[in-house]
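Trainee: here is the input, now give the coordinates:
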Amino acid sequence: MNTLLLGLLFVAILIRIPLSLALGVSTLIVLLLTGNVPIQIIPQRMFAGIESFSLLAIPFFLLAGNLMTASGITQRVLAFANAVVGRFPGGLAMTNIVTNIFFGGISGSAVADCAAIGSIMMPAMIKEGYGKAFTVAVNANAAIVAPIIPPSILFVMY
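Mentor: Residues are numbered from 1 along each chain as shown. Next up, the predicted model:
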């Protein structure tokens, strides 16, 4: 059964079906072919799987990141991080990292961190003479720290 599921999934991916559809269709086909599950149970189990209060945290974390960017809290966090590490050599890059760490603890999402902090810090770093590749690398790697700082989306899911 597992080999059939993986085979169907790889075939669906190879014929360029979108991944979300490939996962759903291959699973549905295997469930129908095995005959162990009545067809009425499949939608019920699908909705029971997503009916969780913990899952509500994900869109609210993303909303919190967007609200913080729109309200200017991101600028204040950035100013604080700049006051802490901005005076050292390479201070703007370190400010980017510290800001992402603070923002990660608040928003819980690496994608929200990368977008919110990157939209502010990357133009400033390029203006100060940092290379574009270095700027992108610093912001992307600093944003990855967000999921390990509680409360993060991954910890809420776990």
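Trainee: quick one: Met1 from Phe10, how far?
Mentor: Distance of Met1 to Phe10, given as Cβ to Cβ, to the nearest Å: 15 Å. C-betas here are computed from N, CA, C, even on glycine.
Trainee: ok, Ile106 touching Met68?
Mentor: Yes - Ile106 is within contact range of Met68, at 6.7 Å (criterion: Cβ atoms under 8 Å).
Trainee: so for those two, which residues contact both of them?
Mentor: Val77 (Cβ atoms under 8 Å, 6 or more residues apart in numbering).
Trainee: which ones are touching the residue located most distally from the centre of the chain?
Mentor: Centroid-distance maximum for the chain: Gly35 at 36.6 Å, with Cα atoms, centre = their mean. Neighbour list for Gly35: empty [criterion: Cβ under 8 Å, 6+ apart].
Trainee: quick check: phi and psi on it?
Mentor: Backbone torsions for Gly35, taken as degrees, to the nearest 10, come to phi 70, psi 10.
Trainee: got a pLDDT number for it?
Mentor: Looking at Gly35, its pLDDT reads 73.
Trainee: can you give me the helices for the protein?
Mentor: Using DSSP state H, the helices found in the chain span residues 2-14, 19-34, 41-50, 57-71, 73-85, 91-107, 110-127, 132-143, 153-157.
Trainee: counting by contacts, list what the first one packs against.
Mentor: Which is helix 2-14. Packing contacts for helix 2-14, counted by 3 or more Cβ pairs under 8 Å, 6 or more residues apart in numbering; DSSP states H and E, involve helix 19-34.
Trainee: so which bits of the helix it packs on are buried?
Mentor: For helix 19-34, burial by neighbour count (16 or more other Cβ atoms under 10 Å) applies to 22, 26, 30-31.
Trainee: got the CA coordinates for that helix in CSV?
Mentor: The C-alpha atoms that make up helix 19-34 are tabulated as CSV, following Å, rounded to 0.1, in the frame of the first residue of the first chain:
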residue,chain,number,x,y,z
LEU,A,19,1.9,19.2,-5.2
SER,A,20,-1.2,19.8,-3.1
LEU,A,21,-3.4,18.1,-5.7
ALA,A,22,-0.9,15.3,-6.2
LEU,A,23,-0.9,14.6,-2.4
GLY,A,24,-4.7,14.6,-2.2
VAL,A,25,-5.4,12.7,-5.4
SER,A,26,-2.8,9.9,-4.7
THR,A,27,-4.1,9.5,-1.1
LEU,A,28,-7.7,9.4,-2.3
ILE,A,29,-7.0,6.8,-4.9
VAL,A,30,-5.1,4.5,-2.5
LEU,A,31,-8.0,4.9,0.1
LEU,A,32,-10.6,3.9,-2.5
LEU,A,33,-8.5,1.0,-3.9
THR,A,34,-7.8,-0.6,-0.6
